[in-house]
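Peer 1: Predicted coordinates and the sequence they were generated for:
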Amino acid sequence: MRYLLLCFSLCITSLSIGLYQNKPKAQSIADGEEIYADFCAQCHLPNGKGVAGSFPPLAQSDYLLNNLEESIRGVKYGMKGEIVVNGKTYNNQMISQGLDNEEIADVMNYILNTWGNSSEKIITENDVENIRPN
């Protein structure tokens, strides 16, 4: 009987943690907007259009939408080297901003659903946790 109660308690705890980690998309986007303003807007600008030749646009970015895992990896670990965004080449370095997995998920959800970007997928903390460096 004790074993059954222990198993039941562990199941309920696991479910509670899982539900807590996956916040509603609208809340994630709202939280991501604040993170973007604090960590990303300096280079990619408040409107997400970036700086030609230096910092690629996030607004209507083909790279972002077609390379989602690489985009998350870039936010998590930083990124350097050449990429092509909307037909233009960028060769700069983005350092890791030291965000945790939840913050990265939130900022990605904000970026993926702002400035003409639209994504049905919601990025979760677990999705970010599973991204490993190259």
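Peer 2: Yep, that arrived.
Peer 1: so what strands line up beside the strand or helix carrying Thr89?
Peer 2: Element membership of Thr89, judged by DSSP states H and E, is strand 88-94. When pairing is defined by DSSP bridges, strand 88-94 lines up against strand 79-85 (antiparallel).
Peer 1: Only alpha carbons, please: show the partner strand as CSV.
Peer 2: The C-alpha trace of strand 79-85 is given here as CSV (Å, rounded to 0.1, in the frame of the first residue of the first chain):
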residue,chain,number,x,y,z
MET,A,79,26.9,32.1,-32.6
LYS,A,80,29.7,33.1,-34.9
GLY,A,81,30.4,32.7,-38.5
GLU,A,82,28.7,33.4,-41.8
ILE,A,83,24.9,33.0,-42.1
VAL,A,84,22.6,34.2,-44.9
VAL,A,85,19.4,35.9,-43.9
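Peer 1: What average pLDDT does it get?
Peer 2: Mean pLDDT, strand 79-85: 96.
Peer 1: ok, now stretch 126-133?
Peer 2: Mean pLDDT, computed over stretch 126-133, is 97.
Peer 1: quick one: buried residues of the strand holding Thr89?
Peer 2: Neighbour-count burial for strand 88-94 flags Tyr90, Met94 (criterion: 16 or more other CB atoms under 10 Å). Placement of C-beta: from N, CA and C, glycine included.
Peer 1: and the next helix or strand after it, average pLDDT?
Peer 2: Next helix or strand after strand 88-94 toward the C-terminus (DSSP H and E): helix 101-112. For helix 101-112, mean pLDDT is 98.
Peer 1: ok, and what's touching helix 101-112?
Peer 2: Applying CB atoms under 8 Å, 6 or more residues apart in numbering, the contact partners of helix 101-112 are 21, 25, 28-33, 35-36, 39-40, 48, 58, 64-65, 71-72, 75-76, 99, 117-119, 121-129.
Peer 1: And it, what's buried?
Peer 2: Buried residues in helix 101-112, counted by 16+ other CB under 10 Å: Asn101, Glu102, Glu103, Ile104, Ala105, Asp106, Val107, Met108, Asn109, Tyr110, Ile111, Leu112.
Peer 1: one step back: other residues contacting the strand holding Thr89?
Peer 2: 43, 52-56, 74, 78-84.
Peer 1: Appreciated, that's everything.
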